[in-house]
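K.L.:
sharing a model that was predicted from the sequence below.
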Amino acid sequence: MSVAMPPGSAFLPLSVSLRGARLVYDDLLLFDGLDLELVGGSLTCLLGPSGIGKSSLLRLLAGLAPRGMSGHLHDGSGQSLRHQVAYMAQQDLLLPWLSVLDNVLLGSRLRGEPPDRSRALDLLARVGLTEVAHSRPAALSGGMRQRAALARTLMEQRPLVLMDEPFSGLDALTRLRLQDLAAELLAGCTVLLVTHDPLEALRLGEHILVMNGRPATLSALPELPGAPPRDPGDPALQAAYRAILRQLDAGSR
């Protein structure tokens with residue numbers, strides 16, 4: 001079944017620039033003077049060890065900067081990113097009193113827009129949740145809730161999409177299938193996807209950044225040939241995977 005939604009390429013490519021980001025958490029300086037550039041219309045994956053500040057960086061981009069964090073953020077034209085962002089947190093954040101379908105439609109409801117129930121149902125079909133569309137979140141497993149949160153994020157159709165480990169709670173086959181779906185439906189959007197899985201980053205990322213050190217810095221990995229989603233069995237992907245593991249291990253020491 002195809003989803004009746006415009007492709008990401010309907011958006012003008014949105015470049016994002018972050019300058020001088022600083023985060024102090026519990027008297028610990030996590031990063032200072034951190035710069036980030038997101039190439040418009042491409043998917044960037046962000047890797048790094050737990051506690052390095054990846055999720056906090058994502059929240060800053062989403063306009064949800066935690067206490068003790070600052071930075072100058074704008075799009076390529078110098079304008080604010082407000083109203084241009086769709087954000088998927090690690091927690092599903094589904095409202096327990098709404099059905100799965102109504103959770104997917106929540107954004108349009110809050111904005112006072114007519115709900116596109118047909119497209120929402122198509123998205124739920126694509127993530128395998130047709131049978132529970134009218135159930136409440138309490139009836140769903142953790143993986144199903146994550147899929148509902150993914151559908152809600154894809155429903156938003158924003159030029160900048162921020163995703164914090166969107167596939168972490170899924171079984172291997174479902175993860176691969178939904179990676180493919182995200183790559184398809186987010187084509188042309190500017191995406192920053194945080195993951196702990198180097199193979200996932202290599203499979204999906206047009207650009208891959210590694211966050212490491214204390215205070216943390218960002219370094220870019222060489223770009224891989226071929227368009228995402230890439231074949232996880234590709235020998236070039238496997239070699240790059242081993243190289244990333246070595247880099248992450250060296251940076252955590």
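P.N.:
Arrived safely.

K.L.:
quick check: phi and psi on the nearest residue to A151 once chain neighbours are set aside?
P.N.:
In space, and not counting its chain neighbours, A151 is closest to L123: 4.4 Å by CB to CB, 6 or more residues apart in numbering. C-beta: built from backbone N, CA, C; applies to glycine. Dihedral pair for L123: phi -60, psi -40, per degrees, to the nearest 10.

K.L.:
repeat for the one 3 residues further on
P.N.:
When read as degrees, to the nearest 10, the backbone of R126 gives phi -70, psi -30.

K.L.:
okay, now it: neighbour count?
P.N.:
21 (other CB atoms under 10 Å).

K.L.:
would you state the predicted confidence (pLDDT) at the spatially closest residue to L94 that is not a sequence neighbour?
P.N.:
Spatial nearest neighbour of L94, excluding adjacent residues (CB to CB, 6+ apart): P137 at 4.2 Å. Here the pLDDT value assigned to P137 is 97.

K.L.:
same question for M211.
P.N.:
The predicted local confidence for M211 is 92.

K.L.:
if we can go back for a sec, how much space is there between the residue nearest to A151 and E156?
P.N.:
11 Å (CB to CB, to the nearest Å).

K.L.:
out of the two, which sits in the busier spot?
P.N.:
Neighbour count, other CB under 10 Å: between L123 and E156, L123 has more, with 27 against 15.

K.L.:
number of nearby residues for the closest residue to E206 other than its chain neighbours?
P.N.:
Here the nearest residue to E206 in space, its sequence neighbours aside, is S42; by CB to CB, 6+ apart that works out to 4.3 Å. Using other CB under 10 Å, S42 is surrounded by 18 other residues.

K.L.:
isn't S42 up against V191?
P.N.:
Yes - judged on CB atoms under 8 Å, S42 makes contact with V191 at a distance of 7.4 Å.

K.L.:
check the offset of stretch 47-66 from the chain's centre.
P.N.:
In terms of CA atoms, centre = their mean, to the nearest Å, the centre of stretch 47-66 is set 11 Å apart from its chain centre.

K.L.:
touching it from outside, list them.
P.N.:
16, 18, 21, 23, 25, 30-31, 34, 36, 46, 69, 71, 73, 81-82, 85, 87, 90, 160, 162, 164, 192, 194-196, 198, 201, 208-212, 216, 244, 248, 251-252 (CB atoms under 8 Å, 6 or more residues apart in numbering).

K.L.:
what does stretch 83-99 give?
P.N.:
Here stretch 83-99 makes contact (CB under 8 Å, 6+ apart) with 14, 55, 58-59, 61-64, 75, 100, 102-103, 106, 133-138, 145-146, 148-150, 152-153, 156-166, 168.
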